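sequence below, structure please.
(chains A, B, C and D)
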2 protein chains.
Amino acid sequence: MTESPVTLRDVAARAGVHPATASRALNPETRLLVREDTARRVLDAAEFLGYHPNPVARSLRTRRSHTIGVLIPDLTNPLFPPIVRGLEDRLAAAGYVALIGNTDGDGERERLIFNQMRARHVDGVVLATAHLSDPLLAEAVRAGLPVVLMNRMAQDHSLPSVSVDNERGMRMAVAHLAAEGHRRIAHISGPQEVSTGLNRYRGFVSAMEAHGLAADPDLIISAKAFSIEEGLRCTRILLEHRGGCTAVAAGNDMLAVGCFAALEEAGLNCPADLSVVGFNDMPFIDRLRPPLTTIRFPHYQLGTEAAQLLLEQIGGQGGPVKVLYLAPELIVRGSTAPCRERA
Amino acid sequence: MTESPVTLRDVAARAGVHPATASRALNPETRLLVREDTARRVLDAAEFLGYHPNPVARSLRTRRSHTIGVLIPDLTNPLFPPIVRGLEDRLAAAGYVALIGNTDGDGERERLIFNQMRARHVDGVVLATAHLSDPLLAEAVRAGLPVVLMNRMAQDHSLPSVSVDNERGMRMAVAHLAAEGHRRIAHISGPQEVSTGLNRYRGFVSAMEAHGLAADPDLIISAKAFSIEEGLRCTRILLEHRGGCTAVAAGNDMLAVGCFAALEEAGLNCPADLSVVGFNDMPFIDRLRPPLTTIRFPHYQLGTEAAQLLLEQIGGQGGPVKVLYLAPELIVRGSTAPCRERA
DNA sequence: GCGCAGGCGGCAATCGTGTGTATCGATGGG
DNA sequence: CCCATCGATACACACGATTGCCGCCTGCGC
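So this is what the prediction gives:
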């Protein structure tokens, strides 16, 4: 009464069959091995008793836990909740659940959590933390563990991944600033060890060249993390011995928020003194002062697509490795304005 | 090589003992049943082989999954990520993992997810979604499933819970507005079916009385959910046939954000035309325009304390039911100003 | 009427661990 | 010298579901 002690043998007993037969009848895959009326009797008995298969026992036998490990840097980064929800919703629809692990950008912690997840026999892993060359990837591949990279790509291995087209997104951001008349545009780049940081940097450089603008090395500062603190630090440096830039393309929204903080600290106004464009269009970023101009991509869908790719991989079709790009979109808000120096 | 096929029998074989002995030697609880040098031999063998007990098999035998179900309304509500992190961190320290379920405030979905979690044999449940009288609670109690309420309380059952002192917090908010000279203060209350909504409402009424102010029923509007949309809707109503209030105490920050949206829509200015105070001090709320005056409580700690209570309950000390209140704190920012009508 | 084929379903082993019980050996006391 | 006792370990089964294998029964054809 306290638990749900209704087990397969109970169902079998009530249906007057052997547990093995009940098992076959209940599994849609093997149901055709059982006569139809027998199957119906078993199903009715299961229904009547309120039978739910014990997933632990099933996992022990089938060696599949229906559990997915998800490694992200930090759940409290507003970018991730919608992505995680997309993941969980899609996984849940397939009968899987997600175990979330926060690495805080620490490689040591990442390895620890990864091992714990492997110990729990996860059926696959979604990595949103992978560095360009991450030893974990080699390990996962060697172990035959299905892996999908999310918002990240790897250089050493060809792995399925879902991400926004970062180069294109950054080019759109720069194009917007250029169209507003800005010529001296700075870039606060994300960490160059992750694909997101690197590709956006590349997009910045190529876009500047495409617009016939010099990508002044003095106006490119590399942040050590995608954090508000780093945005603040980098912008301070920029403001101190900047070559007089009129606009900043930040590596992501968090860096842009840090940029805002630095401007406020220096008594400068955005966009009057400096135009700022971010990347991600994370929740609530449209309600800041000023509302941030940024590059949007569908967060929730990023999660669902990552889940989809992982499920396909677990399904074992063994098809070609899929690399999925989601289209970025420029969202113009109040943090960018025409360049005054040109006017 | 691909998996970690090193099992208890392997360890036992290498140590030259029976698997049962190896099991006892490895378990600190039962280690004293084994001679010390034998235990050491087993431990060495386990170390050498890189043995990790199979948690699935263990769970099947011990009927403990080391898994906790966590039901929240919506992970994309910025209030929850820090709370969830606190929970996960504390649980992880005790060897537990959390399964997150989003109910979207839907009772049907809540029941569905709850059942799925029970089917997965979670060792306990943290409920951040419970209504004042929730059939799930009775069910969980009847099943002997450890439960902790988070940011919620129940009326029917005496259950362990962790929450902020909502009445006191709301009284602090009202006291602040009163101190600024406001006399006609409105309240956008949260859903009255959940303790958070009800207790803040009570706090509002009692605070108004304490300051000798009339709690005009026209100035109290009940939202159907703690959402931006509801905040928008309720504020519109308030602005249309309000009795000329000069301040609003919102049931939480999301409602306050909706309130901001309604003001912008009506061409009104906060705090010049209307002072607004929220509740929760959720992340990024300090970066809105204007920065929201609100009631803060430690989110992360709310999570860790809930986890702690649940772990104690699972530990089975069977002590008295603990109900924990965290102290609220008034954070004054730019969304509240002295009442102009008094000046 | 008998033999064979094939569809159904039962038997039992298995997954890896934990634990109650039995057994074995040693030791100490009478 | 034998028996009782106790400590240490081996044995076996249970947890609950899955699945390879085998046997039974039925139906059909000759």
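
from A:Pro73, how far out is A:Asp106?
To A:Pro73, A:Asp106 is 9 Å away according to Cβ to Cβ, to the nearest Å. Quick note: C-beta positions are derived from backbone N, CA and C, even for glycine.

those two - which one has more neighbours?
Taking other Cβ atoms under 10 Å in any protein chain shown, A:Asp106 and A:Pro73 do not tie; A:Pro73 has more neighbours (21 against 13).

can you pull the contacts of the residue positioned nearest the centre of chain A?
Closest to where the C-alpha atoms of chain A average out (Cα atoms, centre = their mean) is A:Met150, at 4.3 Å. By Cβ atoms under 8 Å, 6 or more residues apart in numbering or on different chains, A:Met150 lies in contact with A:83, A:87, A:126-128, A:161-163, A:302-303, A:306.

again, but for A:Val141
So A:Val141 contacts A:147, A:157, A:159 (Cβ under 8 Å, 6+ apart).

rerun that using 10 Å as the cut-off
A:147, A:154, A:156-159 (Cβ atoms under 10 Å, 6 or more residues apart in numbering or on different chains).

got a ChimeraX select line for the buried ones in these?
Of those, the buried ones go into a single ChimeraX selection, burial set by 16 or more other Cβ atoms under 10 Å in any protein chain shown:
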select /A:147,154,157,159
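
please report how far whichever residue of the stretch 101-250 of chain A sits closest to DNA strand D lies from B:Val122.
Nearest residue of the stretch 101-250 of chain A to DNA strand D: A:His121, at 13.7 Å (Cβ to the nearest atom of the strand). A:His121 is 17 Å from B:Val122, where distance means Cβ to Cβ.

about what we covered before: shared neighbours of A:Asp106 and A:Pro73, anything?
Shared contacts of A:Asp106 and A:Pro73 (Cβ under 10 Å, 6+ apart): A:Thr129.

what about A:Thr76, how many residues nearby?
Neighbour count for A:Thr76, taken as other Cβ under 10 Å: 20.

that one in helix, strand or coil?
Judged by DSSP: H, G, I helix; E, B strand; the rest coil, the three-state class of A:Thr76 is coil.

so it sits against B:Pro82, correct?
Yes: counting by Cβ atoms under 10 Å, A:Thr76 touches B:Pro82, with 5.2 Å between them.

shared neighbours of those two, which are they?
Residues touching both A:Thr76 and B:Pro82 (Cβ under 10 Å, 6+ apart) are B:283, B:299-300.

among those residues, which ones are in helices?
Among those, the members falling in helices (DSSP state H) are B:299-300.

on that earlier part again, more neighbours: A:His121 and B:Val122, which one.
Taking other Cβ under 10 Å, A:His121 and B:Val122 do not tie; B:Val122 has more neighbours (24 against 18).

interface residues of chain A facing DNA strand C?
Counting by Cβ under 7 Å from any atom of the strand, chain A comes close to DNA strand C at A:16-21, A:33-35, A:38-39, A:57, A:60-61.

which of the residues you listed are buried, as a PyMOL select command?
Command for PyMOL that selects the buried part of these, burial taken from 16+ other Cβ under 10 Å:
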select buried, chain A and resi 17+21+34+38+39+57+60
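
of the residues of chain A next to DNA strand C, list those near DNA strand D.
Contacts with DNA strand D within these, as defined by Cβ under 7 Å from any atom of the strand: A:19-20, A:57, A:60-61.

skipping adjacent residues, who's closest to A:Phe80 in space?
Leaving aside its chain neighbours, A:Phe80 sits nearest to A:Ile72 (5.2 Å; criterion: Cβ to Cβ, 6 or more residues apart in numbering or on different chains).

try A:Glu180
Per Cβ to Cβ, 6+ apart, closest to A:Glu180 is A:Pro338, 4.8 Å.

neighbours around the one you found, how many?
Using other Cβ under 10 Å, A:Pro338 has 14 neighbouring residues.

please apply the same query to A:Gln155.
12.

can you give me the strands in chain A?
For chain A, the strands defined by DSSP state E occupy A:67-72, A:97-102, A:124-127, A:147-150, A:161-164, A:185-189, A:220-222, A:247-250, A:275-277, A:294-296, A:323-326, A:329-331.

what would the ones you listed look like in a markdown table with mean pLDDT?
Listed next are the strands of chain A as a markdown table, based on pLDDT from 0 to 100:
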| stretch | mean pLDDT |
| --- | --- |
| strand A:67-72 | 97 |
| strand A:97-102 | 96 |
| strand A:124-127 | 96 |
| strand A:147-150 | 96 |
| strand A:161-164 | 96 |
| strand A:185-189 | 97 |
| strand A:220-222 | 96 |
| strand A:247-250 | 97 |
| strand A:275-277 | 98 |
| strand A:294-296 | 98 |
| strand A:323-326 | 95 |
| strand A:329-331 | 98 |
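
need the winner for burial among these.
Comparing the strands of chain A by mean neighbour count (mean count of other Cβ atoms under 10 Å in any protein chain shown), strand A:247-250 ranks first with a mean of 30.

for that one, list the C-alpha coordinates in CSV.
Provided in CSV are the C-alpha atoms of strand A:247-250 (Å, rounded to 0.1, in the frame of the first residue of the first chain):
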residue,chain,number,x,y,z
ALA,A,247,30.9,51.3,-30.8
VAL,A,248,31.5,47.9,-29.2
ALA,A,249,30.6,44.5,-30.4
ALA,A,250,30.5,42.3,-27.3
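
could you say what helices and strands it packs with?
If you count contacts as 3 or more Cβ pairs under 10 Å, 6 or more residues apart in numbering or on different chains; DSSP states H and E, strand A:247-250 packs onto helix A:166-179, strand A:185-189, helix A:195-210, helix A:228-240, helix A:253-265, strand A:275-277.

and the fifth one with helix A:228-240, angle?
What separates the directions of helix A:253-265 and helix A:228-240 is an angle of 50 degrees, with axes from the mean of the first three to the mean of the last three Cα atoms, to 10 degrees.

check which helices and strands helix A:253-265 is in contact with.
Looks like helix A:253-265 contacts strand A:185-189, helix A:228-240, strand A:247-250, strand A:275-277, strand A:294-296 (3+ Cβ pairs under 10 Å, 6+ apart).

which strands and helices sit next to the fourth one?
Which is strand A:275-277. Judged by 3+ Cβ pairs under 10 Å, 6+ apart, the packing partners of strand A:275-277 are helix A:166-179, strand A:185-189, strand A:247-250, helix A:253-265, strand A:294-296.

which one of those lies closest to B:Leu219?
Of all these, helix A:253-265 sits nearest to B:Leu219, with 35.0 Å by Cβ to Cβ.

give the contact list for the residue nearest to A:Phe80.
Residues near A:Ile72 by Cβ under 10 Å, 6+ apart: A:79-81, A:83-84, A:87, A:100-104, A:126-129, A:150-151.

for chain B, what's the nearest residue on chain A?
Residue nearest to chain B within chain A: A:Arg289 (3.5 Å; Cβ to the nearest Cβ).

measure that residue to B:Ile285 for me?
According to Cβ to Cβ, A:Arg289 and B:Ile285 sit 13 Å apart.

check A:Val277 too.
A:Val277 is 23 Å from B:Ile285, where distance means Cβ to Cβ.

can you count the residues close to the residue nearest to A:Val174 when sequence neighbours are not counted?
Excluding the flanking residues, the one nearest A:Val174 by Cβ to Cβ, 6+ apart is A:Ala207, at 3.7 Å. Number of residues near A:Ala207 (other Cβ under 10 Å) recorded here: 24.

need the helix or strand of chain A with the lowest average pLDDT.
helix A:135-142 (a mean of 88; mean pLDDT, DSSP states H and E).
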